[in-house]
Structure formats: C-alpha cells, structure tokens
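Asker: here is a sequence with its predicted model. Questions after.
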Amino acid sequence: MAVVTVVAPGIQTTVQDLAGRPGLWDVGVPPSGAADELTFALVNAAVGNPESAAGLECVLTGPVLTCDEDRLICVGGAARNPTVDNLPFRPGMVVRWPAGSVLDIGPLDGPGMRGYVAIQGGLDVPRVLGSRSTFVLGGFGGHDGKPLAAGDQLPLGRQENLLTPLSVELPVMSDSWQVRVIPGPHGAPEHLTAEGVDAFFVNEWIVDHRSDRTGVRLIGPNPGWARTDGGEAGLHPSNVHDSAYPVGGIMLSGDTPVIVGKDGPSLGGFVVPAVVIEADRWMLGQLRAGDSVHLVPVTPDTAAEAIRARRRWLTDLRQEPATVPVATITPDRPRVLHHGEQAGPAPSYTIRCAGERHVLVEAGPAELDLTVRVWIHLLAQALRDDPPAGITEIVEGVRSLLVAVDSARLALTELAERLAFLAAGLSDPETVVLPAREVVLPIAFDHPAAHEAMRRYATSVRPDAPWCPDNVEFIRRVNDLDTRDEVFEIVQAATYLVVGLGDVYLGAPVAVPVDPRHRLVTTKYNPARTWTPQNAVGIGGIYLCVYGMEGPGGYQLVGRTVPVWRLSPDDAQPWLLRQFDLIRFAPVSAEQLEHERAEIAAGRADLKTAPATFSISDVRRIEQEAPVDIATLRARRRAAFEAERARWGA
C-alpha cells in the first residue's frame with residue numbers, strides 16, 4: 001500500500017473529508033470535515049477523487065511530505081507557494097508528485113487561513129462514526145484523532161479516478177469579507193431592538209484571534225438588546241433556554257458574536273440573530289485574525305440561487321466561478337413559516353427559518369415548562385418515525401426542535417407543512433409516560449480542575465467578571481444562600497431530568513431539577529471560557545450540564561464527574577446518557593473520582609443505572625405537595641437575581 005510520510009507537520013495539519021459525519025448533531029457530535037468546503041471540493045475533484053475522499057487541511061504553515069508512489073496532487077486555499085523538490089507550482093493546478101520527491105506546502109501568510117492538499121486516491125485512514133475527518137477536541141477520526149506529527153505515515157487509497165483530472169479556478173482569498181446571511185431565527189422585537197438588528201448588519205466586525213474550527217469570534221460593539229435578562233435561562237439578555245445551533249449560525253455568546261464552525265457545539269443557550277448561507281460557509285474556514293467581516297442580509301431565494309450556482313461550478317469544473325448578485329434586504333422579523341395556536345394541552349408554536357437549510361420550532365412561552373419539553377420530544381419522535389426524504393438532522397432542545405435538510409432535496413416550506421401536520425396528531429403530553437433510567441453519578445465538588453478553569457479565565461479573559469474568582473460563591477450570592485456548602489447540598493439533593501444531549505459536545509447532558517425547589521438560578525459566562533476540563537459539572541440559568549470533553553464553555557462550575565462518552569473500537573453507541581434519564585449525584589473525593597473515571601474510560605465499569613419512567617404527573621405531584629415552599633423560594637431567588645443585576649448596572 002502506498003503511504004505519505006510527514007517530514008514536518010506544519011502548525012496544525014489534519015485529515016479531513018468533505019461531508020464529515022452528519023446525523024449525530026443530536027448527541028453533540030459535530031460534523032467536522034473541511035472548514036473551507038468549497039476549496040476542498042475543488043482540489044479533490046481536480047485530481048479525479050470521489051467526493052468521499054479524504055485530504056489534508058493545514059493552518060498558518062503547511063506540511064512537508066513525501067510519498068513512496070507517483071501520485072497527482074492539487075493544492076488550494078491560503079497555500080499559495082507550494083513546491084515539489086523546490087520547484088513552485090500554481091495552486092489549483094494538477095501536478096505529478098513523483099515518488100520520493102518532497103512536497104512543501106509552505107507558509108500560509110494570508111490572505112486566508114487554511115490550505116488544502118488533495119492527493120489522487122485520497123487518504124485511506126479508518127472511518128470513525130462514518131467519517132475520516134479529524135475532530136481534535138474529541139480525539140477521534142483522521143490519524144488517531146490528532147494533528148499530524150513528524151514521522152506519521154498515512155495510507156493512500158487506490159487510484160480509481162471517477163473524474164478526469166483537471167486544473168481548477170479557486171475562490172479568491174481576501175482580508176475583507178462580505179458574508180451573506182439570512183436573518184433569524186431570533187431577532188426583533190423579542191431579543192434585539194429594531195435598531196440593534198440594523199446595527200448588527202451595518203457594523204463592520206473584526207475577526208478575533210481566539211477563533212478556530214469550533215467558532216469564529218467577532219469583535220465589535222455590544223448588541224442592542226431588547227430585554228434586560230434571559231429570565232430562567234440566565235442573567236444576561238443573550239441567554240435562552242437551550243436550543244440547537246446550525247453550523248454557520250451566529251450565536252451571541254453574551255455580547256460576543258460567535259459563528260458556529262464545523263467543530264462547533266450543537267446545543268447551547270444563546271440567541272442566534274443570523275445564519276451564514278450555505279454558499280458562503282466556505283469563507284468561515286478562511287477568516288483570519290484581524291480580517292474585517294460585513295454580514296450582508298439576503299433572502300432565502302438569493303441563498304438558494306447561490307448554492308445552485310455553486311453546484312453547477314462543481315459539476316463542470318471548466319466553467320468560470322459563478323457570481324450571484326448580492327441582493328441585500330432590510331432585516332426585519334425572522335421569517336415565520338408556520339404558527340400553531342395553543343389547542344388544549346398542546347402549546348402554541350412557531351416554525352421559523354434558521355438559514356436556508358434549517359427550521360427551528362419553538363413552543364410555548366420563553367420559560368421552562370416540562371410539558372412543552374415532552375411535547376417537543378413527541379414531535380421529534382413523530383418526525384423520526386415518518387421522515388420526508390432530505391432530512392439530515394433532528395435535534396431536540398428544551399422548548400425547541402431544530403431540523404436540518406439537504407436543500408437540494410427538501411424545501412423548508414414542505415418541511416414546515418409536515419411538522420404542522422404531525423403536531424396536530426400528537427398525544428397529550430400530560431398523559432404520556434416516557435421510559436427512563438435512574439443514573440447515579442459520582443461527583444467531586446470543588447474539584448481542582450474546575451478551579452483551574454476559573455483561574456485561567458480570570459487570568460486571560462476577564463478578571464473583573466462577577467463570577468471570579470469563585471463560581472460557587474457567585475451561585476451562593478445570586479441565590480441568596482448563607483454558605484457555599486448549601487450550593488453543594490442542593491445539587492446533591494436534586495434529581496436532574498436530562499432534557500437535552502450534546503450541550504457542549506459528545507453526549508453531554510443538559511438537565512433540570514424535577515423539583516422546582518432545587519432549581520438554582522445563575523448565568524453563563526460573558527464571554528465564554530476558552531477552556532473547561534472534561535466532565536466538569538456546571539450550572540447556567542436553571543440548568544446543569546456535564547461537559548462531554550475538554551473545550552470552551554460558559555456554565556458556572558461546581559465540580560467534576562465521570563465520563564459520559566466512551567468511544568469503542570467497534571463504533572458502538574458512545575454516548576452513555578439518554579434523553580429523560582434521571583440523574584442523582586453522590587459526592588466522592590477527588591482521588592476516588594480519578595479511580596472511577598479511569599475505570600469507566602477503560603470500559604471496566606459502567607454508569608450505575610436502574611430502570612425508571614418519567615411523566616408530567618411526577619412534576620404535578622411535587623407542585624401540589626409544596627406550593628408555598630416553591631413560591632417562596634422562587635421569589636427569594638428572583639430578588640437575589642435582581643439585586644445581582646443591579647450591582648452589575650452600578
């Protein structure tokens with residue numbers, strides 16, 4: 001078998017393919033794949049590879065490689081000075097790479113951020129969860145889940161060209177970008193003022209240096225908020241009850257816009273005022289720190305014509321790249337595809353566009369109602385049981401449902417009609433009994449790794465944040481508790497209902513106490529942390545999350561628990577928790593936790609579970625038993641919440 005050997009890896013070179021691993025967004029597995037999917041598709045097709053072939057993506061500095069067999073290659077993106085044995089060749093040109101010669105991709109000095117290398121036959125690394133793409137944060141895919149290192153050897157696929165090799169014209173790089181977006185699903189007047197929406201699109205944004213494959217952070221003025229806080233979802237007006245993001249969705253993480261990338265989180269609690277159109281998503285892979293970005297609002301019709309032009313270009317590589325006129329629009333309310341009125345036990349709901357490839361169903365008022373959560377689950381199950389052709393993702397949120405489509409096969413209007421039809425036939429959520437499990441997780445409160453995350457944040461991001469230096473002290477203060485230990489006592493006493501998976505990646509649960517008396521109220525970091533330890537336990541709004549892996553995050557940390565994700569060699573189901581699991585926490589020492597973490601990670605132990613059920617009647621029984629206590633605690637916590645917000649204002 002022919003192999004490519006890495007002589008020097010560059011800054012960060014990874015194996016990627018085009019499609020990535022769609023279909024797992026609902027459990028927090030990002031699609032990954034090439035960040036600049038247009039360039040990758042062009043250079044891959046240029047050497048005659050099928051769409052499924054894997055190649056290399058590099059950042060800032062490209063790799064130096066050799067191969068033990070003659071192959072054709074094509075290089076593109078921000079790589080503009082590649083050489084073979086010191087002889088330069090033009091990006092987009094198909095050239096012969098003789099066996100034993102040295103391919104040097106060279107520096108990626110800009111404009112653009114990422115370079116791509118396609119090799120005839122593709123890279124034949126193993127598929128993990130259906131894809132060869134590398135997800136570095138998750139530690140899987142590509143070459144052992146890691147960026148390439150010197151001495152690594154990558155097997156090549158057989159030379160079975162489906163296309164005739166042909167040099168291609170590549171997209172133009174820039175340091176000033178016009179990125180077309182579709183306004184919504186969130187906007188004025190619920191979340192932003194009309195003036196705030198206008199300013200969001202008029203303003204020129206600058207790419208922050210903390211951008212990567214998880215998301216592109218933008219620097220600019222604070223958004224024009226239409227409200228003072230997110231209520232139960234959190235103290236900041238950007239906070240919403242956890243809802244799924246589309247790739248390319250621009251979430252407002254506190255006051256910071258972050259464009260969700262190919263390795264981004266699937267579920268979170270932030271407002272999304274716009275979504276990058278499919279035809280312009282490639283630009284996200286080339287945005288470089290310091291670049292300027294203008295977000296241009298367009299209609300779904302413009303977006304549809306732009307992606308049709310893209311498909312024509314990729315079908316016929318000989319034609320010139322098509323340009324679709326940028327027909328800007330005046331951003332107003334996000335486009336509503338359908339509105340359903342409340343009918344008996346069924347909540348009112350709205351179906352909106354979230355870009356041109358997703359719809360977002362939002363049900364009931366903007367507050368936690370577990371009856372609405374069950375209704376959303378019933379709607380998702382009905383769609384899974386009878387899906388129209390073209391659906392690619394179905395992701396449940398707390399009071400929302402995000403559905404993604406292949407825009408070439410299914411129109412959003414057709415999908416909205418199907419969802420409205422299914423909604424009309426759902427069972428009464430008050431009467432449904434859902435299968436569940438009781439799950440006991442060990443927890444080390446005040447774990448050293450949680451405090452390390454707090455320390456790093458205070459040192460490098462925002463030392464003056466009200467949750468610094470101690471998240472637990474912040475939770476105590478904002479809930480009007482007397483001691484820090486009371487925070488831990490409430491977490492230990494609570495039974496948490498899992499209402500979402502994949503909140504901050506890889507099967508991570510977002511959960512809420514079944515008993516309202518155990519619902520501590522806090523807010524998410526603004527801006528978010530750039531580092532969180534794997535399996536940290538945090539609270540944001542009234543929700544608790546167990547982080548599935550090391551990465552960014554915004555919940556206030558209280559401790560650490562065992563892995564909730566374990567990827568086995570046979571690709572068996574790696575997520576260990578399920579929707580509507582009932583979680584209890586059992587305190588252990590940090591030393592005991594390390595032992596239990598190692599046992600579960602190695603497959604020598606599993607989570608402690610027992611069969612159970614969940615129904616709304618369980619919640620009603622608690623509400624009827626302690627109405628005065630519940631009302632008193634809610635009022636007390638709301639007063640402390642308001643006092644904290646007043647301190648912020650002062």
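Answerer: Yep, it's here. Numbers count the residues shown, from 1 in each chain.
Asker: going by C-alpha atoms from here, please, whenever you check contacts or count neighbours.
Answerer: Will do.
Asker: stretch 562-573: end-to-end distance?
Answerer: This stretch, stretch 562-573, spans 17 Å end to end (Cα to Cα, to the nearest Å).
Asker: again with stretch 344-357
Answerer: Span of stretch 344-357 from end to end, Cα to Cα: 31 Å.
Asker: what's the distance between that stretch and the middle of its chain?
Answerer: Centroid displacement of stretch 344-357 relative to its chain, using Cα atoms, centre = their mean, to the nearest Å, is 21 Å.
Asker: just the buried residues of that stretch, please?
Answerer: A346, P347, S348, Y349, T350, I351, R352, C353, A354, G355, E356, R357 (16 or more other Cα atoms under 10 Å).
Asker: and the lengthiest strand in the chain, which strands flank it?
Answerer: As assigned by DSSP state E, the longest strand anywhere in the chain is strand 433-445. In the sheet, strand 433-445 lines up against strand 556-560 (antiparallel), strand 582-587 (parallel), strand 608-615 (antiparallel) (DSSP bridges).
Asker: make a markdown table out of those and add mean pLDDT.
Answerer: Output for the strands paired with strand 433-445, formatted as a markdown table (pLDDT from 0 to 100):
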| stretch | mean pLDDT |
| --- | --- |
| strand 556-560 | 98 |
| strand 582-587 | 98 |
| strand 608-615 | 97 |
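Asker: for E341, which of those is the nearest?
Answerer: strand 608-615 (23.9 Å; Cα to Cα).
Asker: for that closest one, what is the distance to the chain centroid?
Answerer: 29 Å.
Asker: repeat that for stretch 467-481.
Answerer: In terms of Cα atoms, centre = their mean, the centre of stretch 467-481 is found 28 Å from the chain centre.
Asker: for that stretch, list the C-alpha coordinates in CSV.
Answerer: The C-alpha trace of stretch 467-481 is given here as CSV (Å, rounded to 0.1, in the frame of the first residue of the first chain):
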residue,chain,number,x,y,z
TRP,A,467,-18.2,35.1,39.0
CYS,A,468,-14.5,35.5,39.5
PRO,A,469,-12.6,34.1,41.3
ASP,A,470,-15.1,31.5,42.6
ASN,A,471,-18.1,30.3,40.7
VAL,A,472,-19.6,28.6,43.7
GLU,A,473,-19.5,31.8,45.7
PHE,A,474,-21.3,33.6,42.8
ILE,A,475,-24.0,30.9,42.8
ARG,A,476,-24.4,31.3,46.5
ARG,A,477,-24.8,35.1,46.3
VAL,A,478,-27.2,35.1,43.3
ASN,A,479,-29.4,32.5,45.1
ASP,A,480,-29.4,34.2,48.5
LEU,A,481,-27.8,31.2,50.2
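Asker: all helices for the stretch 51-200 of the chain, in order.
Answerer: 194-202 (DSSP state H, counting those that start in this stretch).
Asker: which parts of it are strands?
Answerer: Here the stretch 51-200 of the chain has its strands, by DSSP state E, counting those that start in this stretch, at 55-59, 64-67, 71-77, 83-84, 87-88, 95-97, 102-104, 114-119, 153-155, 176-183.
Asker: in its sheet, what does the first one sit against?
Answerer: Right, strand 55-59. Looking at strand 55-59 with DSSP bridges, its partner strands are strand 12-16 (antiparallel), strand 114-119 (antiparallel).
Asker: including mean neighbour count and mean pLDDT, could those strands go into JSON lines?
Answerer: Below are the strands paired with strand 55-59 laid out as JSON lines (neighbours: other Cα atoms under 10 Å; pLDDT from 0 to 100):
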{"stretch": "strand 12-16", "mean neighbour count": "25", "mean pLDDT": "98"}
{"stretch": "strand 114-119", "mean neighbour count": "28", "mean pLDDT": "98"}
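Asker: including distance to E623, could those strands go into TSV?
Answerer: Below are the strands paired with strand 55-59 laid out as TSV (distance: least, Cα to Cα, whole Å):
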stretch	distance to E623
strand 12-16	51
strand 114-119	55
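Asker: so which of those strands comes closest to E486?
Answerer: The closest of those to E486 is strand 12-16. By Cα to Cα, the value is 44.9 Å.
Asker: how about that closest one as CSV, C-alpha atoms only?
Answerer: Extracted in CSV, the C-alpha atoms of strand 12-16 (Å, rounded to 0.1, in the frame of the first residue of the first chain):
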residue,chain,number,x,y,z
GLN,A,12,-1.8,22.1,12.6
THR,A,13,-2.4,19.7,9.8
THR,A,14,-5.3,17.3,10.0
VAL,A,15,-7.0,14.7,7.8
GLN,A,16,-10.5,15.9,6.7
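Asker: that one: what's the following helix or strand?
Answerer: helix 37-46 (DSSP states H and E).
Asker: mean confidence score for that next one?
Answerer: Across helix 37-46, the average pLDDT comes to 96.
Asker: before we move on, back to that, going by distance to P22, which of the buried residues of stretch 344-357 wins?
Answerer: Closest to P22, out of all of the buried residues of stretch 344-357 and judged by Cα to Cα, is R357, at 13.4 Å.
Asker: residue contacts, the closest one?
Answerer: E278, A404, V405, D406, S407, L412 (Cα atoms under 8 Å, 6 or more residues apart in numbering).
Asker: wait, the third one sits on I391?
Answerer: Yes: in this structure V405 lies within contact range of I391 using Cα atoms under 8 Å: 4.4 Å.
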